[in-house]
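Novice: Generate coordinates for the sequence data below:
(2 chains)
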Amino acid sequence: MAEPLIERDFGTPSAALRGGALEAFGIPMLVLGGSYLGFGALVREAGLAIWHGLFSTLTGWALPGQIALLELYSVGAPLLVIASAVALTNVRLLPMVMTLMPIIDDRRYPRWSYYCAAHVIAITGWVAAMRVCPLLPQDQRLPYFAGFTGTLWISTLGATAVGFVLASAVPAYVTLGLVFINPIYFMLVFAADLRHRGRTLALIFGALAGPPLYLWSPDWCLVIAGISAGTLAFLATSTLRDQS
Amino acid sequence: MTAYWWVFVVMIIGAAVTYGWRALGVALSGRVSIESRIFEWIACVAYALLAALIARMIIFPIGPLAETHLADRAGAAIGALAIFFLTRNNLLAGVSVGAAALVALTWGRAILSWPV
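Specialist: Numbers count the residues shown, from 1 in each chain, chains lettered A, B, ... in the order given. Now for the predicted structure:
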């Protein structure tokens, strides 16, 4: 069901910034907040400090990469392995930034402001911006995006801290639930996105390859599973497409 | 260097490779078509890596989840999927039920002292 395209106008760029910030409150913040609650708990249970969790959310904002880093660090993987896994996890941000930029581009704003905005491009804010920004006057698009995603970013810092504190304050059984949030969250996000044949195959191959490869090499399993299962899925889809 | 500071170093490297893609995206936008097949391959690799991580976190978890039973984690995951689809892709409902189910199953096992 496509939403009707309505021209929107906040009036001024600063009103668009406030409007974006206001629209971040709601389901997106609740769901993202829940997963960052889980991330905070995971940081605590990995034996790290609250500052580690906050620093990660502040500088490396994009949850899948943050979790991959934490999990690999916990099994004692070398730096090269962690860097490759995070890079492969977050390379999906590249095409996302490339599609959003032409939409929010406006000559009135300096180039560096787009390099700042790029730091907070992640899936939740991207989806909202791709839906709303094309309907806004050109000079309100960057402020709207910055208001919306900036608010989400700050709220996840709070959720990281709360999750960390909760993990030690609640009974151990409840902490289990908190650290279980993220695997379940990502499993469901992917389960909702099975229309695309290549990516669905990649998910299936990756899920099948991950656990056995982990037994073989806890360090390299993610990088190897990603490249091999992903490439296999890509080639299989290309072959099927060429035949049909 | 102590482990405390080493974690920050690891996170700075993680942040640098993450921001690198974002900055490259700004630099390349409008110059390279994202319809290219290479981006489809990139998406496949990222999806496969994350699926491998999620499967590993459920089947061979580390930390406190390692103390729980595989059957409980699998049951909770299946319950979360069922609720998610029954509520027409309601993430909040699915995640809450999944996390609560694991707590309930583990706690129930302890009370009833089911065999390990």
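Novice: Just give me how far the lengthiest helix in chain B sits from the chain centre.
Specialist: Counting by DSSP state H, the longest helix found in chain B is helix B:3-28. With CA atoms, centre = their mean, to the nearest Å as the basis, helix B:3-28 stands 19 Å off its chain's centre.
Novice: Compute the number of surrounding residues for residue 105.
Specialist: Assuming you mean chain A. 16 (other CB atoms under 10 Å in any protein chain shown). C-beta: built from backbone N, CA, C; applies to glycine.
Novice: wrong chain, I was asking about chain B
Specialist: 20.
Novice: go on, residue A:173?
Specialist: 15.
Novice: for residue B:94, same thing?
Specialist: Neighbour tally, residue B:94, other CB under 10 Å: 26.
Novice: element containing it, please.
Specialist: helix B:91-112 (DSSP states H and E).
Novice: Would you enumerate the residues in contact with the most centrally placed residue in chain A?
Specialist: By CA atoms, centre = their mean, chain A has its centre lying nearest to residue A:62, at 3.9 Å. By CB atoms under 8 Å, 6 or more residues apart in numbering or on different chains, the contact set of residue A:62 is A:89, A:90, A:93, A:122, B:18.
Novice: Look up how far residue A:175 lies from the residue nearest to the fourth one when sequence neighbours are not counted.
Specialist: Leaving aside its chain neighbours, residue A:122 sits nearest to residue A:62 (4.9 Å; criterion: CB to CB, 6 or more residues apart in numbering or on different chains). The gap separating residue A:62 from residue A:175 is 24 Å, by CB to CB, to the nearest Å.
Novice: and what of residue A:155?
Specialist: Noted for residue A:155: a distance of 22 Å to residue A:175, by CB to CB.
Novice: which one of the two has more residues nearby?
Specialist: Neighbour count, other CB under 10 Å: between residue A:155 and residue A:175, residue A:175 has more, with 22 against 18.
Novice: re earlier: among the contacts of residue A:62, which two are most distant?
Specialist: The most widely separated members of those, counting by CB to CB, are A:89 and A:122 (12.0 Å).
Novice: For the two, indicate the residue with more neighbours.
Specialist: residue A:89 (29 against 23).
Novice: Give me the nearest residue to that one, chain neighbours excluded.
Specialist: residue A:65 (4.5 Å).
Novice: Would you check that that neighbour makes contact with residue A:91?
Specialist: No: assessed by CB atoms under 8 Å, residue A:65 is found out of contact with residue A:91, at 9.8 Å.
Novice: in what helix or strand does the most centrally placed residue in chain B lie?
Specialist: The structure's chain B has its C-alpha centroid closest to residue B:54; by CA atoms, centre = their mean the separation is 4.6 Å. Assessed by DSSP H and E, residue B:54 sits inside helix B:37-59.
Novice: between that helix and helix B:3-28, how many degrees?
Specialist: 150 degrees (axes from the mean of the first three to the mean of the last three CA atoms, to 10 degrees).
Novice: Over to the nearest residue to residue A:35 once chain neighbours are set aside: give its phi and psi.
Specialist: Nearest residue to residue A:35 in three dimensions, chain neighbours excluded: residue A:185, at 4.8 Å (CB to CB, 6+ apart). Backbone torsions for residue A:185, taken as degrees, to the nearest 10, come to phi -60, psi -50.
Novice: need the contact list for residue A:185.
Specialist: Residue A:185 touches A:31, A:34, A:35, A:38, B:91, B:95, counting by CB under 8 Å, 6+ apart.
Novice: can you check residue A:211 too?
Specialist: Residue A:211 neighbours (CB under 8 Å, 6+ apart): B:52, B:55, B:56, B:59, B:60.
Novice: Now rank these by neighbours and give me the top one.
Specialist: Most neighbours among the contacts of residue A:211, by other CB under 10 Å: residue B:52, with 33 neighbours.
Novice: any idea how far the closest residue in space to it that isn't next to it in sequence lies from residue A:113?
Specialist: With CB to CB, 6+ apart as the criterion, residue B:52 has its nearest non-adjacent residue at 2.8 Å, and that residue is residue A:210. Residue A:210 is 39 Å from residue A:113, where distance means CB to CB.
Novice: do the longest helix belonging to chain A and chain B meet?
Specialist: Looking across chain A with DSSP H, the single longest helix is helix A:138-169. No: counting by CB under 8 Å from any CB of the partner chain, chain B is not contacted by helix A:138-169; separation bottoms out at 9.0 Å.
Novice: ok, the residue nearest to residue B:52 - how many residues close by?
Specialist: 28.
Novice: Show me what the helix or strand harbouring residue A:69 is packed against.
Specialist: Using DSSP H and E, residue A:69 maps to helix A:63-74. Secondary-structure packing of helix A:63-74 (3 or more CB pairs under 8 Å, 6 or more residues apart in numbering or on different chains; DSSP states H and E): helix A:27-45, helix A:50-59, helix A:79-90, helix A:172-191, helix B:3-28, helix B:37-59.
Novice: which helices and strands sit right next to the fifth one?
Specialist: Pointing back at helix B:3-28 there. Counting by 3+ CB pairs under 8 Å, 6+ apart, helix B:3-28 packs on helix A:50-59, helix A:63-74, helix A:79-90, helix A:93-104, helix A:111-118.
Novice: among the helices and strands of chain B, which one scores worst on average pLDDT?
Specialist: The least trusted helix or strand in chain B, going by mean pLDDT, DSSP states H and E, turns out to be helix B:37-59, with a mean of 89.
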